[in-house]
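Asks: Predicted coordinates and the sequence they were generated for:
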Amino acid sequence: MATTTKGQDRVLATAQQIVKSLNINTKATEDMILILSSFDNRLSNITDLMDGGADCEEIDHRFETAENVILRHDSGDPGEASSRNSSSSAAEYLEAVDIIIKLTEDLTLQSDCDSEIMDRAENALQLAMAKLEDEFLRILIRNTVPLDVDRLYGSIRKGSLSFAANEIEIEDDFESYREDDDDGGSGYRHERGPSFGGDVYVDLIYADAVKELKAIADRMIRSGYEKECCQVYINVRRDVLDECLSILGVERLSIEEVQRIDWKILDEKMKKWIQAVKVVVKVLLFGEKQLCEQIFSESELIKEVSFVETTKGCVMQLLNFGEAVAIGQRSSEKLFRILDMYDVIADVLPDFEALFVDESGELVCQEVKAVLSGLGEAAIGTFVEFENALKGENSRRALQGGEIHPVTRYVMNYTKLLVDYSDSLNTLLPNSQDYDLSSKEVDDVDSGDTLSPISCRLLSLITTLEANLEEKSRLYDDNALRYIFLMNNILYIVQKVKDSELRNLLGDRWIRKRSGQIRQWHTSYLRSAWGKALLCLKDEGIGGGSSSGSKLLLKERFKNFNACFEEIYRIQSLWRVPDDQLREELRISISETVLPAYRAFVGRFGSQLESGRQAGKYVKYTIDDLENYLLDFFEGKPAVLNNIKRKGT
């Protein structure tokens, strides 16, 4: 049996050799196979044997053709060849790579073919992958779209970038004060950051190049060289994103460096950071995500890894700055910029979660949430410190002229800005039920039982400010000036509430109560400032006759009124009422109270002194004189007592 098998093998081998020897063309081969198989039934399966031989020959021919293309290009620069011979050279090279890849896949199943071909195919594939890696790098670098400030921010403007119109200067502290500024005080001007109104997009790589990169990436992934391809992409694109951060004004700073920066410089860096976050997330990260999906579509894993590793450094640099601000020293002027930073991270958090979806990006989303939480805690901590600073503010300086106190300006400008962040603060602050308000505070507003957290805290802030101003008013020895001070400051508070969203939070009932209080102080001012002068114009004790006693008393009354008026004029011309309407109302009230009494007194008794030698010494002023002098009241300008004399004399 063994002898028969060996003999059959020799016959088959001999027949196979004959066919190979005569293998001039396909027709001759087929004829010889037919003759041999009919001559001896032992040769019936020679067709299958010869098919394998034909396959190996076919592989030899296709491999050698593809190998020649690979070797020819390896001796030069395929990029240069592509430039010289248009796209045909690149297409030929990629086709050759496809053949080599297919052959290496097939040869693992073709055990009858020469192992030398397998070795040559693997060597050719290695050469091709090295060349494609270089070409991938070249295309990436040469076809990266140049980005500058105008192009980056131009992409945002296409998305309807807008800046909030509300800009209010915040003083550096309660004590800072500028007399020439009626509405702001010294300090920085706070403006809200930009907001997006739609989708934005900017090309990061030229579209034609993306197709070439995908063609190369597909072949490298199929050949098992995905790591090399991925690493090239990551290195190039990571550097591009780093450059974009630099263009956007975001520096690579350590936490310690951030915390040592002067506030005004830090404020500028925070503004640039806020804008950079929006550009990076809304434009660059979405662009990178799209690129990775296009170029590495052959592999979900490579697509995600490439995106995460490319963008992680850029994102972490942004987050490190946010963390440094969050744990930095708290001061009231930082609150609004911290809230801006909180808002922008809250705004882009859904974008991060949409971009970093798998396990490799989970860490990035966790870091974003940690920074968001840190900024929220910093904002509330700063807000609480501001509340405590106001409660502890106890400056003992009485402002000359009863002016608006810098504390009033500071707190109300600060409070007015806080309203713009109501949504964020309502999220961060505890519920109003957890914050105790006095019964008076609740009664002052329209819906005290349903106040939002921010309404509750702002009401408490303003109540604290009012109590602070009440204490400061007691620093004035002159009660009339005390009432001027209270009117000036409470009116300023009321106007800030009426002219802002504070009105919606506190309600009209709160405004009406303060307006009524101002009217009461107005009446108290008249009584305190003019009561003594009006007593001089009373009839008591003055007889109807022209006795010397009556004239003496009458002279004393006129003399005392003149002295009172001149003293009031000298002092109250230095007092200042900044509000035009309040200033005019005070003058009108004085006119309606004092002038009729003076007119009546002069009308009844002035004739009794006209015959005397020094009548003008006692009846010094006409009604017109007094009306003219009243125009100098509350202007904050000094009046020289010696210049007060009867006008028209």
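Replies: Received, thanks.
Asks: Please work out how many residues are found near H61.
Replies: 10 (other Cβ atoms under 10 Å). From N, CA and C alone the C-beta is placed, and that goes for glycine too.
Asks: and it, how far is that from L103?
Replies: 11 Å (Cβ to Cβ, to the nearest Å).
Asks: Nearest residue to W273 in space, ignoring adjacent ones along the chain?
Replies: Closest residue to W273 apart from its sequence neighbours, by Cβ to Cβ, 6 or more residues apart in numbering: F321 at 5.6 Å.
Asks: what's the one you found in contact with, if anything?
Replies: Taking Cβ atoms under 8 Å, 6 or more residues apart in numbering, we find F321 in contact with 250, 253, 258, 269, 273.
Asks: distance of it from T523?
Replies: In this view, F321 and T523 are 56 Å apart by Cβ to Cβ.
Asks: go on, L241?
Replies: Taking Cβ to Cβ as the measure, L241 falls 68 Å from T523.
Asks: which one of those two has more residues nearby?
Replies: Between L241 and T523, L241 has the larger neighbour count (other Cβ under 10 Å), namely 23 against 12.
Asks: quick one: C564 and K532 touch, right?
Replies: Yes. Shown here, C564 and K532 form a contact pair, counting by Cβ atoms under 8 Å, at 5.5 Å.
Asks: Mind checking which of the two has more residues around it?
Replies: Here C564 and K532 are compared on neighbour count by other Cβ under 10 Å; more neighbours surround C564, at 19 against 14.
Asks: Now that one: which helix or strand?
Replies: helix 548-572 (DSSP states H and E).
Asks: Same question for S424.
Replies: helix 422-428.
Asks: Name the residues of that helix that are buried.
Replies: The neighbour-count check on helix 422-428 (16 or more other Cβ atoms under 10 Å) flags 422, 424-426, 428 as buried.
Asks: neighbours around I274, how many?
Replies: I274 has 19 nearby residues by other Cβ under 10 Å.
Asks: Alpha carbons only: can I get whichever strand or helix holds it in CSV?
Replies: Per DSSP H and E, I274 falls inside helix 263-279. The C-alpha trace of helix 263-279 is given here as CSV (Å, rounded to 0.1, in the frame of the first residue of the first chain):
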residue,chain,number,x,y,z
TRP,A,263,-5.4,91.7,40.3
LYS,A,264,-5.7,94.1,37.3
ILE,A,265,-3.4,91.9,35.2
LEU,A,266,-5.1,88.8,36.4
ASP,A,267,-8.5,90.3,35.4
GLU,A,268,-7.2,90.7,31.8
LYS,A,269,-6.0,87.1,31.8
MET,A,270,-9.3,85.9,33.1
LYS,A,271,-11.2,87.8,30.3
LYS,A,272,-8.9,86.2,27.7
TRP,A,273,-9.4,82.8,29.3
ILE,A,274,-13.2,83.1,29.1
GLN,A,275,-13.0,83.9,25.4
ALA,A,276,-10.4,81.2,24.8
VAL,A,277,-12.6,78.5,26.4
LYS,A,278,-15.4,79.4,24.0
VAL,A,279,-13.2,79.4,21.0
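Asks: Do me a favour and average the pLDDT over the helix or strand just after that helix.
Replies: Using DSSP H and E, the helix or strand that follows helix 263-279 in sequence is helix 286-295. For helix 286-295, mean pLDDT is 94.
Asks: thinking again about what came up before, now the helix holding I274: how far from the chain's centre is it?
Replies: 8 Å (Cα atoms, centre = their mean, to the nearest Å).
Asks: Longest helix in the protein, please.
Replies: Assignment by DSSP state H gives helix 359-392 as the longest helix of the chain.
Asks: Also compute the angle for the helix or strand just after that one relative to helix 359-392, please.
Replies: Using DSSP H and E, the helix or strand that directly follows helix 359-392 along the chain is helix 406-419. With axes from the mean of the first three to the mean of the last three Cα atoms, to 10 degrees defining the directions, helix 406-419 sits at 150 degrees from helix 359-392.
Asks: other SSEs contacting helix 406-419?
Replies: strand 167-170, helix 359-392, helix 453-473, helix 479-498, helix 502-506 (3 or more Cβ pairs under 8 Å, 6 or more residues apart in numbering; DSSP states H and E).
Asks: which regions of this structure sit below the pLDDT cut-off?
Replies: 1-60, 74-87, 106-114, 154-201, 431-443, 446-449, 543-549, 610-616, 639-649 (pLDDT under 70).
Asks: Phi first, then psi, for D477.
Replies: Here is the backbone geometry of D477 (degrees, to the nearest 10): phi -70, psi -30.
Asks: Counting neighbours, what do you get for the nearest residue to S500 once chain neighbours are set aside?
Replies: Excluding its sequence neighbours, the residue lying closest to S500 (Cβ to Cβ, 6+ apart) is K416, at 4.8 Å. Residues within reach of K416, counting by other Cβ under 10 Å, total 18.
Asks: Once you drop chain neighbours, what's closest to E67?
Replies: A124 (4.9 Å).
Asks: Can you tell me the element that neighbour falls in?
Replies: Here A124 is assigned to helix 115-142, by DSSP H and E.
Asks: List the buried residues of that helix.
Replies: Per 16+ other Cβ under 10 Å, helix 115-142 contains these buried residues: 117-118, 120-121, 124-125, 127-129, 131-133, 135-137, 139-140.
Asks: follow-up on the earlier one: quick one: which of the helices and strands packed on helix 406-419 is nearest K620?
Replies: helix 479-498 (22.7 Å; Cβ to Cβ).
Asks: buried ones in that closest one?
Replies: 480-497.
Asks: Then stretch 402-414?
Replies: 402-414.
Asks: With stretch 203-220 instead?
Replies: So stretch 203-220, judged by 16+ other Cβ under 10 Å, has buried residues 204-205, 209-210, 212-220.
Asks: wait, which of the residues you listed is closest to T144?
Replies: Using Cβ to Cβ, those come closest to T144 at I205, 5.9 Å.
Asks: ok, and the closest non-adjacent residue to that closest one?
Replies: Distance criterion Cβ to Cβ, 6+ apart; nearest residue to I205, sequence neighbours excluded, is N143 at 5.3 Å.
Asks: Cross-check the contact I'm expecting between the one you found and Y206.
Replies: Yes. If you go by Cβ under 8 Å, N143 and Y206 touch, sitting 4.7 Å apart.
Asks: returning to that earlier point: just want the angle from the longest helix of the chain to helix 453-473.
Replies: Using the same axes, to 10 degrees: helix 359-392 against helix 453-473 is 30 degrees.
Asks: in helix 359-392, what's buried?
Replies: For helix 359-392, the neighbour count (16+ other Cβ under 10 Å) marks 360-361, 364-365, 367-368, 371-372, 374-376, 378-380, 382-383, 386, 390 as buried.
Asks: per the record, what domains does the chain have?
Replies: 2-142, 149-161+196-375, 400-527, 536-643 (automatic domain parsing).
Asks: sorry, back to before: other residues contacting the helix holding C564?
Replies: 478, 480, 529-530, 532-533, 536-538, 541-543, 598, 601, 605, 608-609, 612, 618-621, 626, 629, 632-634, 639, 641, 644.
Asks: check contacts around S306.
Replies: Neighbours of S306 in contact, by Cβ under 8 Å, 6+ apart: 230, 233-234, 292, 295-296.
Asks: The same query, at a cut-off of 7 Å, please.
Replies: By Cβ atoms under 7 Å, 6 or more residues apart in numbering, S306 lies in contact with 230, 233-234, 292, 296.
Asks: farthest pair in those?
Replies: I234 and F296 (11.1 Å).
Asks: Give me the more crowded residue out of these two.
Replies: A count of neighbours by other Cβ under 10 Å puts F296 above the other of I234 and F296, at 26 against 20.
Asks: coming back round to it: closest one to T464 out of the contacts of S306, please.
Replies: Nearest to T464 among those, counting by Cβ to Cβ, is C292 at 54.3 Å.
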